[in-house]
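K.L.:
Next comes the sequence, and after it the predicted model I'd like to discuss.
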Amino acid sequence: MDETRTKSGTQVETTVLGADEIILNMGPQHPSTHGVLRVKLKLDGERVAGSECIIGYLHRGVEKIAEHRSYQQFAPYVDRMDYVAAVSNGLGYCEAVEKLLGAEAPPRARVVRTILTELQRIASHLVWLGTHALDIGALTPLFYCFREREEILKIYEKYCGARLTTHAFRIGGLQYETYDGFEAEVERFCNDFSQRIDEYETLLTENRIWLGRTKGVGVLSAADAIALGVSGPVLRASGVKWDIRKAAPYAAYDQYKFEIPTGPNGDTYDRYMVRMEEMRQSRLICLQAIENIPSGPIMARIGKVLKPPPGEVYHAIEAPKGELGYYIVSDGTTQPYRVRVRPPSFVNLQAFDQMARGSLVADVVAIIGTIDIVLGEVDR
Amino acid sequence: MFGITFNDIRPYIFPVIYALVIVAFLPLLVGYITLAERKIMAHMQARLGPMRVGPHGLLQPIADAVKLLLKEDITPKNADALMFWLAPLLSVTMGLVAYAALPFGPAFQIADLDVGLLFILAVSSLGIYGIVLGGWASNSHYSLLGALRSAAQLVSYETAAGLALVSGLLLGGSLSMKTLVETQDQMGVWFVFLAPFSFFIYMVASIAETNRAPFDLPEAESELVAGYMTEYSGFRWSLYFLAEYANMIVVSGIAVTLFLGGWMRPLAAVHMRVFGLPYDLLDLLPALIFLGLAAWCTKLALRLGQQIQKLVMFLVVGLFVVLAGVMAWSLTSPALMPGIHGGFWFVVKILLYLYGFLWFRFTFPRYRFDQLMKLGWQFLIPLALVNLVMIGIGLVLVQQSGWPLGITMIGANIVTLLMALWLVRHGDKVMTAPRTAEDDLPVAGAGQIR
């Protein structure tokens, strides 16, 4: 064993075989950094000795824009943060402003919101599953996932005319009544979907290569996860049973029965299993919700010009990727004084170095995939 | 003139023609294999694949080739220009040279070397120099990592592949590709049935050797962008690409020759002569296959909307009909029939083998580097060794004690199967070295990088 010792600050560094380390820049233009994440990797051979995430390539100043728009005008902007789950973003913002106004959406609106948001969770997880599998080298699941996501996007398109950045909700409720056959279409999708998940699982869950690539990779202990502020499926896979839908129910979640899946080990495989199970649970929530959509108005009486009383509010929802919080400060005018977004991707990305250190280059892409980041949300 | 008579050059005429045919048709074949790959992948993934350039994308490979030739050829600023230029040439040359000993038919072979198999193995492993040099000369981290992975991978899997081939050689008793096929013809059985494990090991190893998924780590798109090819563009990139597919065909050719009966017709021992016809009924298969393809293309053509697309599709139909005619006509000529039909079956078997390659690629996730090495050294190589010894013992028993070949081989393979099962269950425990102090050394740079 050849020992080369170099001083770096106060730390004595010894590399196996005494070889030099190389710095590898992954991104911002790289096939599997899910957009424009740049990861600076310090490599000892293929082993990751250290990493640093460099973000901001997609910064658009969304929070600053909010200060120059009225409350309603800002709503479409939030869709552009986590563009894979635009509906969930919209729900969080609308509910936060409603809380600030002291208003509440009517029951019918709340149930429809729940259905659309759960469909969005499925769609978001499908994008995650497809790209995650693609990163690990399985080409085919991506197309199966996008096939089902397409059905969800069609429902959105019929409901509000848009597919990706939907702006489906309005502050105070909904702009549009559900279209004819909405319930039937959601039900048909949910019924088909249970077999589809089984289909993805036949390709991956018990595949030896998949197991080898995900088990024990990117382990995050429950204590670390909590310390880092991680939320969503990443937190639950580490064994922490925390879901805002249960902990502080919003929309209509208190009316439905569903399980919170957790994982035992906090590795990439557990996160995979947790998200697969979450899709099943979302499907069950949708099925329960369409059983009984209350009739009535879809919009609360809040007036056309929104002037919330001075004050501040923090409202968080369980977005597909974790806790999505909006902190809004009102100075009593038509425009927010300050909007701060707590994006789940940004916070979860902090755990990257913890997960990646000591693993191989191939694991790095698996770990980026398993955190499920959307750079639009990280950089805002 | 110069004292050279026609008789002097006579032995070289056909080899030169064969070589020209191979070099001329190989890029075209590679182009259409990529089209087939994309179409098959598309259909497995519930989509259509190339549909725009020509009917059902039939002209796509030509468009791709034109695009590649017209692309800007970039040499990175800090690259080693000479090596950067040389590396793809080396890869593609070695890929093509290997075709010299590949028997496409009883007559269609450039050179029937006594050490044919050894020659192909030697030459095709030289291609790795092209990859390593290219990765090094690019002066890029991705390329370098890809090249290093490729070198380590080839060395590891060449061993397993070699051991698997040796057991085939024991059965055939020769290194000459031609003799190997003839032996299988005489024995009336393909070696894949006598030594299925050798075939299996060779198949896995050959996928790894050609850097195809799930062993495509040297060019792992999601990790290393494009591995050793990252900095290459245009024509040089296409040379690497050509080399990769040429190598795929070569390893398929080896497998087909050694294990799948080479140019022999499937069921070569079965003869169906009826109605007093001068040929075997099963020999009509090639013509029938082409007629079937023609019928299928006609069906597709009739559904096409645009006249020009219909025209192109009917040209393809015409091509298949002509080929069917050639196949049928050659039955009347005993001199040409073995050559033409042999070539047909050889190519069909290669394509089926390649289909396996593609199928794996669309189904499996990618191995990680340490897992790849583990599979090679801790599973394939021990299994190949046991398999080799068992087949050796079996052959001794057959030849010295007169045991029946079939039953002996079944016994030998059962032992190998048991070994494989044992390795799957316990291999990890037995093969992994106990942890030492060195394993626990901290990885460097525990602090933040900056």
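P.N.:
Arrived safely.
K.L.:
What are the buried residues along the host helix or strand of residue B:393?
P.N.:
Assigned by DSSP states H and E, residue B:393 belongs to helix B:381-401. For helix B:381-401, burial by neighbour count (16 or more other Cβ atoms under 10 Å in any protein chain shown) applies to B:381-388, B:390-391, B:394-395, B:397-398. Any C-beta I mention is one placed from the backbone N, CA and C, and that applies to glycine too.
K.L.:
Residue B:367 against residue B:214, yeah?
P.N.:
Yes. At 5.5 Å, residue B:367 counts as touching residue B:214 under the criterion of Cβ atoms under 8 Å.
K.L.:
Compare neighbour counts for the two and give me the winner.
P.N.:
Set side by side, residue B:367 and residue B:214 show more neighbours around residue B:367, with 27 against 24, by other Cβ atoms under 10 Å in any protein chain shown.
K.L.:
Check the gap between the closest residue to residue A:62 other than its chain neighbours and residue A:57 for me.
P.N.:
Of all residues not flanking residue A:62 in the chain, residue A:380 sits nearest, at 4.5 Å (Cβ to Cβ, 6 or more residues apart in numbering or on different chains). Separation of residue A:380 from residue A:57 (Cβ to Cβ, to the nearest Å): 12 Å.
K.L.:
Please identify which of these two sits among more neighbours.
P.N.:
When residue A:380 and residue A:57 are compared for neighbours, residue A:380 comes out ahead with 25 against 16, by other Cβ under 10 Å.
K.L.:
For the helix holding residue B:393, give the mean pLDDT please.
P.N.:
The pLDDT scores in helix B:381-401 average 86.
K.L.:
Output the contacting helices and strands for that helix.
P.N.:
helix B:141-172, helix B:196-209, helix B:405-431 (3 or more Cβ pairs under 8 Å, 6 or more residues apart in numbering or on different chains; DSSP states H and E).
K.L.:
Identify the residues contacting it?
P.N.:
B:159-160, B:163-164, B:166-167, B:170-171, B:194-195, B:197-198, B:201, B:403-405, B:408-409, B:411-413, B:415-416, B:419-420, B:423, B:427, B:431 (Cβ atoms under 8 Å, 6 or more residues apart in numbering or on different chains).
K.L.:
State the number of residues packed around the closest residue to residue A:69 other than its chain neighbours.
P.N.:
Nearest residue to residue A:69 in three dimensions, chain neighbours excluded: residue A:335, at 6.4 Å (Cβ to Cβ, 6+ apart). Residue A:335 is flanked by 17 other residues according to other Cβ under 10 Å.
K.L.:
Could you measure from residue A:335 over to residue A:41?
P.N.:
Counting by Cβ to Cβ - residue A:335 and residue A:41 are separated by 43 Å.
K.L.:
Next secondary structure element downstream of the helix or strand hosting residue A:129?
P.N.:
Assigned by DSSP H and E, residue A:129 belongs to helix A:107-135. Once helix A:107-135 ends, the next helix or strand along the chain (criterion: DSSP H and E) is helix A:141-160.
K.L.:
as a whole number, average confidence for the helix or strand just after that next one?
P.N.:
Per DSSP H and E, the first helix or strand lying C-terminal to helix A:141-160 is strand A:169-170. Here strand A:169-170 scores 87 as its mean pLDDT.
K.L.:
Quick check: the gap between residue A:22 and chain B.
P.N.:
Distance, residue A:22 to chain B, by Cβ to the nearest Cβ, to the nearest Å: 6 Å.
K.L.:
Of the buried residues of helix B:381-401, which is the nearest to chain A?
P.N.:
Lowest distance from chain A to the buried residues of helix B:381-401 (Cβ to the nearest Cβ) belongs to residue B:383, with 15.8 Å.
K.L.:
what number of residues lie near the residue nearest to residue A:300 when sequence neighbours are not counted?
P.N.:
Here the nearest residue to residue A:300 in space, its sequence neighbours aside, is residue A:172; by Cβ to Cβ, 6+ apart that works out to 4.2 Å. By the measure other Cβ under 10 Å, the count of residues near residue A:172 is 23.
K.L.:
which SS class is residue A:43?
P.N.:
When classified by DSSP: H, G, I helix; E, B strand; the rest coil, residue A:43 comes out as strand.
K.L.:
Equivalent analysis for residue A:338, please.
P.N.:
At residue A:338 the chain is in strand, as set by three-state DSSP.
K.L.:
That one pairs with what?
P.N.:
Bridge pairing for residue A:338 (DSSP bridges) gives the partners residue A:329.
K.L.:
In the stretch 51-200 of chain A, what residue lies closest to chain B?
P.N.:
residue A:137 (2.6 Å).
K.L.:
What residues does that residue make contact with?
P.N.:
Neighbouring residues of residue A:137 by Cβ under 8 Å, 6+ apart: A:209, A:213, B:213, B:214, B:216, B:220, B:222, B:364, B:365, B:366, B:367.
K.L.:
Low-confidence stretches in chain B?
P.N.:
For chain B, residues meeting the criterion pLDDT under 70 lie at B:1-2, B:218-223, B:225, B:268-279, B:430-450.
K.L.:
Break it down into its structural domains.
P.N.:
Domain assignment for chain B, taken from automatic domain parsing, gives B:11-70, B:71-271+B:356-428, B:281-355.
K.L.:
Quick check: closest non-adjacent residue to the residue nearest the centre of chain A.
P.N.:
Residue closest to the average C-alpha location in chain A (Cα atoms, centre = their mean): residue A:321, at 2.2 Å. Leaving out its chain neighbours, the residue that sits closest to residue A:321 by Cβ to Cβ, 6+ apart is residue A:344, at 4.1 Å.
K.L.:
Can you list the low-confidence ranges for the stretch 1-150 of chain A?
P.N.:
For the stretch 1-150 of chain A, residues meeting the criterion pLDDT under 70 lie at A:1-20.
K.L.:
Who are the contact partners of residue 139?
P.N.:
Because you didn't say which chain, this covers chain A. Counting by Cβ under 8 Å, 6+ apart, residue A:139 has contacts B:41, B:45, B:213, B:361, B:362.
K.L.:
that's the other chain; I wanted chain B
P.N.:
Shown in contact with residue B:139 (Cβ under 8 Å, 6+ apart): B:76, B:78, B:79, B:80, B:231.
K.L.:
at 10 Å instead, please
P.N.:
B:76, B:77, B:78, B:79, B:80, B:83, B:84, B:231 (Cβ atoms under 10 Å, 6 or more residues apart in numbering or on different chains).
K.L.:
Could you give me the ChimeraX syntax to select whichever of these are buried?
P.N.:
This is the ChimeraX syntax for the buried subset of these, where burial follows 16+ other Cβ under 10 Å:
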select /B:76,79,80,84,231
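K.L.:
Which of the contacts of residue B:139 sits closest to chain A?
P.N.:
Closest to chain A, out of all of the contacts of residue B:139 and judged by Cβ to the nearest Cβ, is residue B:231, at 14.0 Å.
K.L.:
so residue B:337 sits right up against residue B:283, yeah?
P.N.:
Yes. In this structure residue B:337 lies within contact range of residue B:283 using Cβ atoms under 10 Å: 7.5 Å.
K.L.:
More neighbours: the two, which one.
P.N.:
residue B:283 (19 against 16).
K.L.:
Quick check: the gap between the residue nearest to residue B:213 when sequence neighbours are not counted and residue A:293.
P.N.:
In this structure, residue B:213 finds its nearest non-sequential neighbour in residue B:361, 3.9 Å apart by Cβ to Cβ, 6+ apart. According to Cβ to Cβ, residue B:361 stands 46 Å off from residue A:293.
K.L.:
neighbour-wise, which of those two wins?
P.N.:
Ranked by neighbour count (other Cβ under 10 Å), residue B:361 and residue A:293 place residue B:361 first, with 23 against 17.
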